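1. I would like to see how this sequence folds:
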Amino acid sequence: SLANNKKMNESRRHHIPSAFVSDIGASDIESVTNEIKSNYTRALEKIENEGGSNAFMKFSRALGEASEASAQVTLPSMTHADASTRAASTIAKDKLKCMFDGTFSRKALYEALLVDASQNDLIGSDKRASLHLLNQFRRVGGCALNSDNDRHALAEKQKKIEVLCSEFIQALNEDTTCLTLREEELEGVAPLDQFPLIHQEEAQKGEASPESLLRKVSIKSPYVMPVLQFAKSPITRKAVAEASAKKCQEKNTALFLKTIGLRHECAALLGYESHAHYMLETKMASTPERAEPFLRDLLSRMRGQLEKDLAALNKLKIEEEGTHAKGVQAWDVAYYIRKYKASLGVDEAALRQYFPLDHVKNEILSIYQELLGLIFTRVYDAQVWHPEVQCYAVSEAGKDSGDDQPPLGFFYLDLFPRDGKYAHQCVYPLRPSYQKDPNHRVTPACANIGNLSRGTEGKPSLLRFREVETFFHEFGHVMHCVLSQSKHSVQAWAWSAVPWPGGVEQDFLEVPSMMLENFVWQPEILRRLSKRPEDGSSLPDAMIEVLSKSRNVMEGYCRSRYLAMSLYDLQVHGGPGPYTYDGKLLDAAALYDALLTDLSGVSVIPGTFPVASWYHPMMGYDAGYFGYIWSEAFAADLFSEFEAQEKSIIDSSLGNKYKETILSPCAMIDGETMLRNFLSREPSLDAFLKRICA
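-> Below is the predicted model:
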């Protein structure tokens with residue numbers, strides 16, 4: 001169970017992140033950002049002036065300190081209540097990204113590091129971090145370019161890309177588009193009170209006519225999905241699906257197109273065939289020529305299942321709408337998938353009654369503690385950026401927690417949607433693990449930024465099963481972050497949401513959390529996660545059996561759609577366009593339409609360009625969206641070791657091995673080596689192919 005100590009000793013208190021507050025303003029952000037930049041620049045100039053003596057260690061420390069300081073001014077862009085503060089934070093992030101990227105164009109620093117590398121025989125993670133940083137001077141700063149003009153042009157293009165991406169993300173986060181729908185148009189969707197009444201006062205007094213019972217439906221995901229899954233009216237579903245697919249389209253389409261053009265120009269300056277080749281060079285997949293065949297092979301394997309899935313959905317549509325009904329459209333998919341699962345016994349609405357958020361949260365935390373040998377202690381007096389946010393300290397179970405024993409790290413839970421808040425799900429790094437001096441390692445911290453379904457007045461928050469699965473998955477990222485034991489910040493857990501450099505290979509990033517996500521589907525775990533508020537009962541065995549069997553239902557369609565999007569991501573970053581597909585030359589929008597329609601069997605809604613609201617290609621997953629299924633393939637191999645346990649899938653001994661070989665090393669070791677260290681054999685795709693082709 002969770003530790004609930006309201007008082008923490010002074011040693012632990014010293015390690016709590018202290019800069020995340022709700023009353024930070026735009027002027028504070030500007031001031032702190034300037035201070036970070038000034039301190040960092042002075043540190044680099046000192047290294048350059050002193051030459052190569054111990055340059056790498058000094059540089060690593062400077063990177064760590066600047067990275068640690070950055071989150072206090074970048075987090076508000078994702079979470080703050082005030083629009084002007086969010087805008088200032090977005091500007092700060094752009095400035096810091098340019099600052100960190102600009103590091104790698106400093107030739108004097110590069111030369112000092114080269115001298116240091118030639119004089120000191122580094123080993124282990126020191127050597128790996130040093131080589132990585134030297135490579136960044138070539139890849140990011142263009143230090144291998146002979147022309148100063150080329151280096152300057154590269155830096156200017158990179159700055160423009162950062163601004164374009166930030167504007168794209170900010171537009172999505174700031175979007176408050178809502179549709180106004182009559183209650184009868186929402187027939188089938190429950191509860192209706194998740195959608196605010198337009199005329200609240202008249203309705204409460206009983207003065208509102210049936211025609212005036214209008215509901216405001218946000219196009220944020222927690223509100224869109226219930227409508228697409230349950231609204232009986234195809235007109236309603238189409239209106240909501242179309243509004244969602246057009247989200248920020250007018251502004252973000254141009255931002256996306258400019259970005260992919262600039263990315264290609266940067267890759268060409270650096271001597272790469274394409275931006276995709278540039279991005280994959282540091283991934284496990286290594287080249288587009290290796291990644292694309294992997295995706296196409298999976299598409300080929302899924303083709304038969306895709307055809308069966310579409311036939312089943314079409315049959316259900318004809319049964320409901322008549323023989324005149326056209327084929328399944330984009331706004332039909334979620335509705336008829338839900339109905340198809342219901343025909344197999346999976347009742348999404350009934351399932352939801354068993355997953356109250358508070359119970360799910362407490363059980364997820366409890367399961368992770370048992371599996372990984374940890375203790376989570378609620379930190380009640382931690383500074384937080386919103387009253388709903390909770391902070392926890394993470395410690396090793398069974399170890400002395402005396403005054404000189406700092407926590408392994410900290411995590412924050414910020415689980416509900418708010419206007420202006422990041423509208424997707426992610427784990428946001430707050431500070432990296434790094435060695436500040438020989439006697440002081442800074443412990444990592446992160447925030448789980450969620451958008452889970454809220455409760456309504458007098459009723460608990462009840463989660464859709466997909467939300468339960470997502471929460472479990474995201475918490476895997478939390479553990480990967482807070483358990484990192486890296487000595488250098490560039491080897492700590494991070495991803496492109498933050499401006500500082502760090503993290504594992506991107507197509508390994510999802511492996512640890514996807515492995516842990518597999519636990520959600522196991523009967524033992526489902527019994528623990530479920531608890532109906534009315535009577536405290538867990539999911540009945542019959543519902544567990546049906547739910548477990550439904551895991552691969554409609555996988556043909558769902559995976560084919562994902563694979564089509566992954567191929568689009570690689571191809572649109574494979575050159576400047578126009579793009580050749582099926583013998584035709586297409587622009588970026590037409591290419592998306594063609595790939596999705598052809599490979600998923602369902603047409604894109606006419607007049608929409610959903611890429612304009614797709615976070616991933618503009619948040620560092622450019623030419624990297626394929627990494628999810630690449631990661632999933634190896635995650636299945638890791639999970640097969642837990643599946644083989646006879647007594648309980650929560651095997652603490654195996655969990656400890658997972659912690660030590662996969663989570664704690666973070667980027668101190670390459671992904672393939674970590675896989676081999678845990679498996680004690682070569683990694684295999686057998687477990688993954690067996691599951692998806694069953």
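
2. Backbone torsions only: list them for the residue most central in space within the chain.
-> In the chain, the C-alpha closest to the average C-alpha coordinate belongs to residue 426, at a distance of 4.1 Å (C-alpha atoms, centre = their mean). The phi/psi pair for residue 426 (degrees, to the nearest 10) reads phi -160, psi 170.

3. try residue 391
-> phi -120, psi 140.

4. Helix, strand, or coil at the closest residue to it other than its chain neighbours?
-> Nearest in space to residue 391, with sequence neighbours left out and distances taken as C-beta to C-beta, 6 or more residues apart in numbering, is residue 382 at 3.6 Å. Every residue, glycine included, has its C-beta placed from N, CA and C. Here residue 382 is recorded as coil under DSSP: H, G, I helix; E, B strand; the rest coil.

5. So for residue 382, what's the pLDDT?
-> With respect to pLDDT, residue 382 scores 91.

6. Please apply the same query to the one 10 residues further on.
-> Taken from the predicted model, the pLDDT recorded for residue 392 is 96.

7. same deal with the one 3 residues further on?
-> According to the per-residue confidence, residue 395 scores 96 in pLDDT.

8. Who is it paired with across the strands?
-> Residue 395 has these beta-bridge partners by DSSP bridges: residue 375.

9. What is the neighbour count of residue 250?
-> 11 (other C-beta atoms under 10 Å).

10. Ends of stretch 460-470, what's the gap?
-> In stretch 460-470, first residue to last residue: 19 Å (C-alpha to C-alpha, to the nearest Å).

11. Stretch 233-252 now?
-> End-to-end distance (C-alpha to C-alpha), stretch 233-252: 30 Å.

12. what residues does it touch?
-> For stretch 233-252, contacts defined as C-beta atoms under 8 Å, 6 or more residues apart in numbering pick out 167-168, 171-172, 175, 177, 179, 181, 185-188, 217, 219, 224, 227-228, 231, 321, 329-332, 335, 604-605, 607-610, 612-613.

13. if we can go back for a sec, looking at it, the residue nearest to the centre of the chain is touching residue 470, isn't it?
-> No - with contact defined as C-beta atoms under 8 Å, residue 426 does not reach residue 470; the gap is 10.5 Å.

14. Tell me the spacing between residue 174 and residue 88.
-> Computed with C-beta to C-beta, to the nearest Å, the distance linking residue 174 and residue 88 is 13 Å.

15. Between these two, which has more neighbouring residues?
-> residue 88 (23 against 16).

16. pretty sure that one is in a strand, no?
-> No - per three-state DSSP, residue 88 lies outside any strand segment and is helix.

17. which stretches of the stretch 101-250 of the chain form helices?
-> 107-119, 124-139, 148-174, 200-205, 221-230, 234-245, 249-269 (DSSP state H, counting those that start in this stretch).

18. Flag every buried residue along the third one.
-> When burial is assessed from 16 or more other C-beta atoms under 10 Å, helix 148-174 yields the following buried residues: 151, 153-155, 157-159, 161-174.

19. Now mean pLDDT and distance to residue 563 too, for the helices of the stretch 101-250 of the chain, in CSV please.
-> Shown next, in CSV, are the helices of the stretch 101-250 of the chain (pLDDT from 0 to 100; distance: least, C-beta to C-beta, whole Å):
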stretch, mean pLDDT, distance to residue 563
helix 107-119, 92, 40
helix 124-139, 94, 28
helix 148-174, 93, 24
helix 200-205, 54, 45
helix 221-230, 92, 21
helix 234-245, 97, 19
helix 249-269, 97, 20
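
20. okay, those helices in a markdown table with distance to residue 361 next?
-> A markdown table is the format used below for these (distance: least, C-beta to C-beta, whole Å):
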| stretch | distance to residue 361 |
| --- | --- |
| helix 107-119 | 45 |
| helix 124-139 | 34 |
| helix 148-174 | 24 |
| helix 200-205 | 30 |
| helix 221-230 | 16 |
| helix 234-245 | 27 |
| helix 249-269 | 33 |
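
21. I'd like to know which of those helices is closest to residue 25.
-> Checking the helices of the stretch 101-250 of the chain against residue 25 by C-beta to C-beta gives helix 148-174 as the closest, at 17.6 Å.

22. could you say what helices and strands that closest one packs with?
-> In terms of contacts (3 or more C-beta pairs under 8 Å, 6 or more residues apart in numbering; DSSP states H and E), helix 148-174 is packed against helix 76-79, helix 83-103, helix 249-269.

23. Contacts for stretch 645-665, please.
-> 367, 370-373, 479-480, 483-485, 511-512, 515, 519, 522, 524-525, 638, 641-643, 674-675, 677-678.
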